[in-house]
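**Student:** generate a structure from the sequence data that follows.
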Amino acid sequence: MSRIGKVPVDIPSGVEITLEQNTIHVKGPKGNLSKTFSPLAAITVDGSQIVVNPTDESREARSQYGTTRSIIANMVQGVVEPYSKDLLIEGVGFRATVKGAIIDLELGYSHPVEHPIPEGVAITVADNVKIHVEGPDKQKVGQVAAEIKSYYPVEPYKGKGVRILGQYVRRKEGKKSA
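**Tutor:** Numbering: from 1, shown residues only. Sure, this is the predicted structure:
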């Protein structure tokens, strides 16, 4: 049995939870989220708590209800305090700008890389090299940050590329002349 799945999720004040069969809608001061979960996890709202239990003792039900509880907890936390990731661009001539619903990345290629900003995610750029990704959905924020990073991952010799702030990059020594 999941130890995480057994812990009920507390609903803070200012957050509204609506449950329709296996779809949960979370509305808070920083956004709205909704998600449909597997029918193997039974979701109930008891006053100011959300309780998730497996519907039966099958292996699939036991594996689903802990995950379901974690996702619901992340949704509740995200509508109160949005999730964020900071990225840093390093390299001569590398920069980023936000143009409407697109982030324009100049990463040393012969063309600019244009990445669409999904709905529910806000991206701001400071000093042309610091990218701040923010939103109530933890999965979307992480996905957008990973996609931006994937255009030019940090290379180990000069350290050029896009990194998530705080990420350790193993540096390698270059060729040595005899």
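
**Student:** which residues does stretch 90-110 contact?
**Tutor:** 89, 112-117, 123-125, 128-129, 131, 148, 151-152, 154, 158-163 (C-beta atoms under 8 Å, 6 or more residues apart in numbering). Just so you know, the C-beta spots here come from the backbone N, C-alpha and C atoms, and that holds for glycine as well.

**Student:** now stretch 65-78
**Tutor:** With C-beta under 8 Å, 6+ apart, stretch 65-78 has contacts from 2-5, 7, 9-12, 15, 17, 24, 26, 28, 30-31, 33, 35, 37-38, 40-43, 50, 52-54, 83, 135-138.

**Student:** and if we set it to 7 Å?
**Tutor:** Residues from elsewhere that reach stretch 65-78 (C-beta atoms under 7 Å, 6 or more residues apart in numbering): 2, 4-5, 9, 11, 15, 24, 26, 33, 35, 37-38, 41, 43, 50, 52-54, 136-138.

**Student:** same thing with stretch 120-131?
**Tutor:** With C-beta under 7 Å, 6+ apart, stretch 120-131 has contacts from 31, 86-89, 94-98, 103, 117, 132-137, 140-141, 144, 148.

**Student:** in it, what's buried?
**Tutor:** Residues 120, 121, 123, 125, 131 are the ones in stretch 120-131 that count as buried (16 or more other C-beta atoms under 10 Å).

**Student:** now swap in stretch 153-168 and tell me
**Tutor:** Counting neighbours by 16+ other C-beta under 10 Å, stretch 153-168 gives 154, 160, 161, 162, 163, 164 as buried.

**Student:** so which of those sit within strands?
**Tutor:** 161, 162, 163, 164 (DSSP state E).

**Student:** out of those residues, who's nearest residue 62?
**Tutor:** residue 164 (33.0 Å; C-beta to C-beta).

**Student:** can you name the residues bridging to that closest one?
**Tutor:** residue 87 (DSSP bridges).

**Student:** please tell me I have it right and it contacts residue 89.
**Tutor:** No. Contact status for residue 164 versus residue 89: not in contact, 11.3 Å apart, counting by C-beta atoms under 7 Å.

**Student:** and the two most separated of the buried residues of stretch 153-168?
**Tutor:** Farthest apart among the buried residues of stretch 153-168 - using C-beta to C-beta - are 160 and 164, which lie 15.2 Å from each other.

**Student:** that'll do, ta.
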